[in-house]
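Engineer: Need a 3D model of the sequence below.
(3 chains)
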Amino acid sequence: MAPHVVASPIDKGPSRVIRKNKESHMVSKKVTLTNPQGLHMRPAGTFASTMGKFASDVTVVAGGKDVNGKSPMALMAAGIGCGTEIEIKCDGADENDALEAAVQLVESGIGE
Amino acid sequence: MSDFVSASNVFLDNPATSCDEALKFLSDKAVELGISSDAAAVLEAFKAREEEGSTGMMGGFAIPHAKSKAIDKAAVEVVKFSGDVDWTTMDEKPVKVAIALLIPDTEAGTTHLKLLSKVAVMLMHADFCKAVLASEDPAQIAQTINDGLDK
Amino acid sequence: MFEGVNASDGIGIGTAQVAVEPDLSYTPSTHQDTDEEEIARYKSALDAFSKKTEVQADRMKVSVGESEAEIMTGHITMASDPFMVDEITNRIKQGMCAEQALDEVCDMFYSMFDASDEQLIRERCADVQDIRAGIMAELLGKQLIDLSVLPEGSIIIVHDLTPSMTASIDKENVAGIVTETGGRTSHSAIIARALEIPAVLSVKDCCTSIRNGDTLVVNGTKGEVTVNPPADELERAKKAAAASAAEKAALEAYRGKPTETADGDKKLLVANIGNPDDATGATEHDAEGVGLFRSEFLFMDAKELPSEDDQFAAYQKVALRMKDQPVIIRTLDVGGDKEIPYLNLQKEDNPFMGFRAVRYCLNNPDQYKVQLRALLRASAFGDVKIMLPLVTCIDEVRSAKALVRECMTELDAQDVEYNKDIEVGTMIETPAASLIADDLAKECDFFSIGTNDLIGYTMCADRGNDRVSYLYSVYNPAVLRSIKRIVECGNDAGIMVGMCGEAAADPLLIPMLISFGLGEFSVSAPSILRTRKIISQWTKAEADSLAETVMALKTADEVKCALAAAAK
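Structural biologist: The predicted structure is shown next:
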């Protein structure tokens, strides 16, 4: 995406290129977890290590809380059960690839 | 059942000192009394039952039993020993009296269960045990057991 | 001789291997090295831990099993968690020494997992402890216990079995387990039973009283540990162990066979279970169904009333696992003696004669209907039957059945599938129910005799009270007559009569039950094959003959003696 040009409120002309708030660069998607026993150790570990390969920050939103998607412990502690809808947010240079990998992984049952 | 045990089936002063000797005596007597015609088969049946679990009880009594095709009619044999018989018992005391049940191996052979259970119950009563241990009269011993079976 | 909790059946004979965890205490302090050096020290310990764990995991894949080995690889995943490493690194940067940083972060994760609603997640607390100990040992230069390299014939003596310890046990070399803590349902007990290693738990001070090299006889069936027995006792123990192993092998002949008496009377032989996981055990032991599925597990250890969906999931799990075999599920059977805050059960002076079980449920119909609806929904997935606990009058049966019908109407309106012909039966476990069994039989689809409570209520004796436990015996004529009546009333009305109390597996009692005409025997999974064997040894005629004598006896002692004498 091209950086947005924002006119500084003081200068009248086009000036420095300022990147807008990082939020808008983030991509996200909602998916439902289908693993029968929820996100227990094995799938949490698989998900975290897959995401660990990407440079982007990965956040899993479950039950209204943000969870570090690269941390198997944090994912497990969130206790995401079977049938829960989660939102996966990726933010960074490879965010699109990361999100695609994440969604595909969850939809395929994370190796279970 | 009141005359199930006859005095002629009661033997006193037997010199056996081991379980095997006692069982052999009982098997041989079974032929003599006309209960069976095959002492060896009866002995085998007695021994097989002992293998499954010793029939030695408490207070000097044992209730060996044999169920076999070789036994023609149900009968009870009683033998009192002159000394102690080495027999695995529940109270680890030697056996002084054996009340043996001989049962034919027929379809409707359920009498033995009644006999067995009744005799076992009789053995729980001190006066019964005392009476049998004290008596040297076959007729009296037979009567004591028969009375117990009747109850 | 030491006594403890009999956690896993069998007799194990071997040499003591006392496993004492090293002292992992440290003095919390500010680290003297630079931040980088301290972080490097931590990472090096983490590395060493991960490598050792991986070696262990590889070894276990071969000697123990894939899933046990996975527990170890899981530890590596958890220990390498970037979030965890970050948290520890940050604390080191604040000056904390690596040991304290590790401790604090592990505490944090422990609390996080402990707070979860999911049991699988809560179980990970033990893994956090394992990892903490593992990395701490590396930091402090200590050695942890490694159970995977024990000599043959070892008896493990340890304070408590951690997951990594149990996962690394090599069945070939471990003849028995003795621990200082734990009960029948503890992690150690469950693993020991799964590995079929005799185990006695909660043996006080065994780690200090028993020495390495001591000869031990571990009787996991009785809960006894004998140290350095004399030669003749050891011989007897060896014979007993061999006999018990031989008996187990001989019982395998009965696997897959129908359950029937010697003259071909068919009986239904099923299992008692306490949670969905037990269902697998039931099938492994060749059960023909579930005669009692205690539903209490859902309600205990929960912070709030389990939802209809939660309950449905559990019941459905069992129904699916048992396929087309019958599954009898008993509705909530708890009272004031149990700690279940959200049920608002008052503490009572006499909880066992108080507001519990079906009385409580019928008085909380909205709550009860949640369970009933969940059961109905599960009936679409298997042969599920509903059973009521502690019934004492026919009103209770009628009210419960009315609630079931209400639930059916509600489910019909929502177009939800369920078995419209679902059977509703009752436990017969009170003198009252026994006395009105003829009336109850006309309005119930089946009976299951709960001898555990029936004996207690009939003899008015608490089995846990040493002074009166002698009265708590199924051999009492009063109890036998009660059982006989219940079975006859049920049979006269043409309904199935089963028994789910411990008495159903009693070898001495089985001929009596056959004589009375009991149709279903529901026993603990490990008792199934033996119960089938005993049933197959008796003809109805023999059983009747014995029963005739026994029912005329006047005392429990006489009954027991007669049954023992006639036993096959």
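
Engineer: got any ranges where chain B has weak pLDDT?
Structural biologist: B:1-2, B:107-109 (pLDDT under 70).

Engineer: most centrally placed residue in it?
Structural biologist: Nearest to the geometric centre of chain B sits residue B:100, at 1.5 Å (Cα atoms, centre = their mean).

Engineer: If you drop the residues flanking it in sequence, what lies closest to that one?
Structural biologist: residue B:77 (4.5 Å; Cβ to Cβ, 6 or more residues apart in numbering or on different chains). Just so you know, the C-beta spots here come from the backbone N, C-alpha and C atoms, and that holds for glycine as well.

Engineer: ok, the residue nearest to the centre of chain B - contacts?
Structural biologist: B:26, B:46, B:63-66, B:76-79 (Cβ atoms under 8 Å, 6 or more residues apart in numbering or on different chains).

Engineer: ok, how many other residues are close to the residue nearest to residue B:100?
Structural biologist: 23 (other Cβ atoms under 10 Å in any protein chain shown).

Engineer: Now do the strand ranked longest in chain C, average pLDDT.
Structural biologist: The longest strand of chain C (DSSP state E) is strand C:11-19. Across strand C:11-19, pLDDT averages out at 92.

Engineer: List the buried residues in it.
Structural biologist: Going by neighbour count (16 or more other Cβ atoms under 10 Å in any protein chain shown), the buried part of strand C:11-19 is C:11-19.

Engineer: mind listing the strands for the stretch 451-568 of chain C?
Structural biologist: C:496-499, C:520-523 (DSSP state E, counting those that start in this stretch).

Engineer: Dump those into JSON lines; add distance to chain B as well.
Structural biologist: Shown next, in JSON lines, are those (distance: least, Cβ to the nearest Cβ, whole Å):
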{"stretch": "strand C:496-499", "distance to chain B": "22"}
{"stretch": "strand C:520-523", "distance to chain B": "21"}
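
Engineer: Can you lay out those strands as CSV showing mean neighbour count and mean pLDDT?
Structural biologist: Shown next, in CSV, are the strands of the stretch 451-568 of chain C (neighbours: other Cβ atoms under 10 Å in any protein chain shown; pLDDT from 0 to 100):
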stretch, mean neighbour count, mean pLDDT
strand C:496-499, 26, 98
strand C:520-523, 26, 97
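
Engineer: So which of these is nearest residue C:46?
Structural biologist: Of all these, the one in closest proximity to residue C:46, counting by Cβ to Cβ, is strand C:520-523 (49.2 Å).

Engineer: Tell me which of the strands of the stretch 451-568 of chain C sits nearest to chain A.
Structural biologist: Checking these against chain A by Cβ to the nearest Cβ gives strand C:520-523 as the closest, at 28.2 Å.

Engineer: Run through the strands of chain A in chain order.
Structural biologist: A:27-32, A:57-62, A:65-68, A:85-91.

Engineer: Residue C:76: which of those strands is closest?
Structural biologist: strand A:65-68 (18.5 Å).

Engineer: on that earlier part again, which of the three states applies to the residue nearest to residue B:100?
Structural biologist: Assigned state for residue B:77: strand (three-state reduction, DSSP: H, G, I helix; E, B strand; the rest coil).

Engineer: same question, residue C:329
Structural biologist: For residue C:329, the secondary structure call by three-state DSSP comes out as strand.

Engineer: which residues does the closest residue to it other than its chain neighbours bridge with?
Structural biologist: Excluding the flanking residues, the one nearest residue C:329 by Cβ to Cβ, 6+ apart is residue C:293, at 4.4 Å. On the basis of DSSP bridges, residue C:293 is bridged to residue C:273, residue C:329.

Engineer: rewinding a little: please, which helix or strand holds the residue nearest to the centre of chain B?
Structural biologist: For residue B:100, the host element (DSSP states H and E) is strand B:95-104.

Engineer: So what angle separates the directions of the helix or strand that that strand is followed by and strand B:95-104?
Structural biologist: Once strand B:95-104 ends, the next helix or strand along the chain (criterion: DSSP H and E) is helix B:111-122. Here helix B:111-122 points in a direction 160 degrees away from that of strand B:95-104 (axes from the mean of the first three to the mean of the last three Cα atoms, to 10 degrees).

Engineer: Could you tell me which other helices and strands the helix or strand that helix B:111-122 is followed by packs against?
Structural biologist: Beyond helix B:111-122 on the C-terminal side, the first helix or strand identified by DSSP H and E is helix B:126-134. Packed against helix B:126-134 by the contact rule (3 or more Cβ pairs under 8 Å, 6 or more residues apart in numbering or on different chains; DSSP states H and E) you find strand B:95-104, helix B:138-150.

Engineer: can you redo those as JSON lines with distance to residue C:124?
Structural biologist: Compiled in JSON lines, these are given as follows (distance: least, Cβ to Cβ, whole Å):
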{"stretch": "strand B:95-104", "distance to residue C:124": "62"}
{"stretch": "helix B:138-150", "distance to residue C:124": "66"}
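
Engineer: Check the ones you listed for me and report the most buried one.
Structural biologist: Mean neighbours per residue, mean count of other Cβ atoms under 10 Å in any protein chain shown, is largest over the helices and strands packed on helix B:126-134 for strand B:95-104, with a mean of 24.

Engineer: quick one on the thing from earlier: may I see the strands of chain A organised as JSON lines, with mean pLDDT added?
Structural biologist: Shown next, in JSON lines, are the strands of chain A (pLDDT from 0 to 100):
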{"stretch": "strand A:27-32", "mean pLDDT": "92"}
{"stretch": "strand A:57-62", "mean pLDDT": "93"}
{"stretch": "strand A:65-68", "mean pLDDT": "92"}
{"stretch": "strand A:85-91", "mean pLDDT": "93"}
